[in-house]
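Novice: predicted model follows, preceded by the sequence.
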Amino acid sequence: KAGVTQTPRYLIKTRGQQVTLSCSPISGHRSVSWYQQTPGQGLQFLFEYFSETQRNKGNFPGRFSGRQFSNSRSEMNVSTLELGDSALYLCASSLGAGVHTEAFFGQGTRLTVV
Amino acid sequence: ILNVEQSPQSLHVQEGDSTNFTCSFPSSNFYALHWYRWETAKSPEALFVMTLNGDEKKKGRISATLNTKEGYSYLYIKGSQPEDSATYLCAFGGATNKLIFGTGTLLAVQP
């Protein structure tokens, strides 16, 4: 069974640009969550999607957005990039929505903003 | 602001030592507590999802306990091996229905 796949693995962008990250969940998983990790911080929750609907959102500015497609694949978009957006972005898929089910993580996309 | 604290931040032990770390979380509106192991250059991997006060879970040499009334969970590793070297993360799930992660405990096991 294939795991969670994130693409690209590494990305370098310039301030002001926008970026789209992709996450393909484990087959049969309908929930996808996104997290940001910066040095010294725990994983910060960005948002959760279930069956193409955003169920939950973290405390991030509106420049961060996402969506989920009918095949459960999810994309995350960050517009008008800032230096502080440099981070590891992880997505996780689960069978069900919410916090009671085990999350399966991808290897992440390392975004560097210069 | 909901806070999840893990201690210690890092730990160096010898192969064969047993060790334990702590995760502290809010004692109200508890839904679930997760433990993950994150090895360098890999994805975080779930160890346990615990939902009931008094829960005890075990997977091989690793076990965890949960006290939701006082807001803490312990993770124990018996007879540490070099392959146990990783960052161990806990995450609290409460009424917001989001997982709030601690910053982790970095374990290094020396052969």
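Specialist: Happy to help now that I have it. Numbers count the residues shown, from 1 in each chain, chains lettered A, B, ... in the order given.
Novice: grab the most central residue of chain A for me.
Specialist: A:W34 (3.2 Å; Cα atoms, centre = their mean).
Novice: buried set for stretch B:11-27?
Specialist: Burial within stretch B:11-27, assessed by neighbour count using 16 or more other Cβ atoms under 10 Å in any protein chain shown, is assigned to B:L11, B:V13, B:T19, B:F21, B:C23, B:S24, B:F25, B:P26. Any C-beta I mention is one placed from the backbone N, CA and C, and that applies to glycine too.
Novice: elements contacting the helix or strand hosting the residue nearest to the centre of chain A?
Specialist: In the assignment (DSSP states H and E), A:W34 maps to strand A:31-37. When contacts are defined as 3 or more Cβ pairs under 8 Å, 6 or more residues apart in numbering or on different chains; DSSP states H and E, strand A:31-37 packs onto strand A:44-50, strand A:74-78, strand A:87-94.
Novice: chain B: which of the ones you listed is closest?
Specialist: strand A:44-50 (4.6 Å; Cβ to the nearest Cβ).
Novice: return the set of buried residues in stretch B:49-69.
Specialist: Result for stretch B:49-69 [16+ other Cβ under 10 Å]: buried residues B:V49, B:M50, B:D55, B:K57, B:I62, B:S63, B:A64, B:L66, B:T68.
Novice: contacts for that stretch, please.
Specialist: In this structure, residues lying in contact with stretch B:49-69 by Cβ atoms under 8 Å, 6 or more residues apart in numbering or on different chains are A:100-102, B:27, B:30-35, B:47-48, B:73-79, B:81, B:84.
Novice: PyMOL command for the buried members of the residues you listed?
Specialist: For the buried members of these, the matching PyMOL selection, counting by 16+ other Cβ under 10 Å, is:
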select buried, (chain A and resi 101+102) or (chain B and resi 30+31+32+33+34+35+47+48+73+75+77+84)
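Novice: in helices, which of the contacts of stretch B:49-69 appear?
Specialist: Members of the contacts of stretch B:49-69 lying in helices (criterion: DSSP state H): none.
Novice: tell me which residue of chain B lies closest to chain A.
Specialist: B:G93 (2.6 Å).
Novice: can I assume that residue is in contact with B:A32?
Specialist: Yes: counting by Cβ atoms under 8 Å, B:A32 is a contact partner of B:G93 at 4.0 Å.
Novice: and the residue of chain A closest to chain B?
Specialist: A:V99 (2.6 Å).
Novice: the residue lying closest to that residue once chain neighbours are set aside - how many residues pack around it?
Specialist: Using Cβ to Cβ, 6 or more residues apart in numbering or on different chains and skipping the chain neighbours, the partner closest in space to A:V99 is B:G93 (2.6 Å). Residues near B:G93, counting by other Cβ atoms under 10 Å in any protein chain shown, number 22.
Novice: that's a strand at B:G93, yeah?
Specialist: Yes: assessed with DSSP: H, G, I helix; E, B strand; the rest coil, B:G93 lies in a strand.
Novice: identify the bridge partners of it.
Specialist: B:A32, B:L99 (DSSP bridges).
Novice: got a list of what it touches?
Specialist: A:G98, A:V99, A:H100, B:Y31, B:A32, B:L33, B:H34, B:L99, B:I100 are the contacts of B:G93 under Cβ under 8 Å, 6+ apart.
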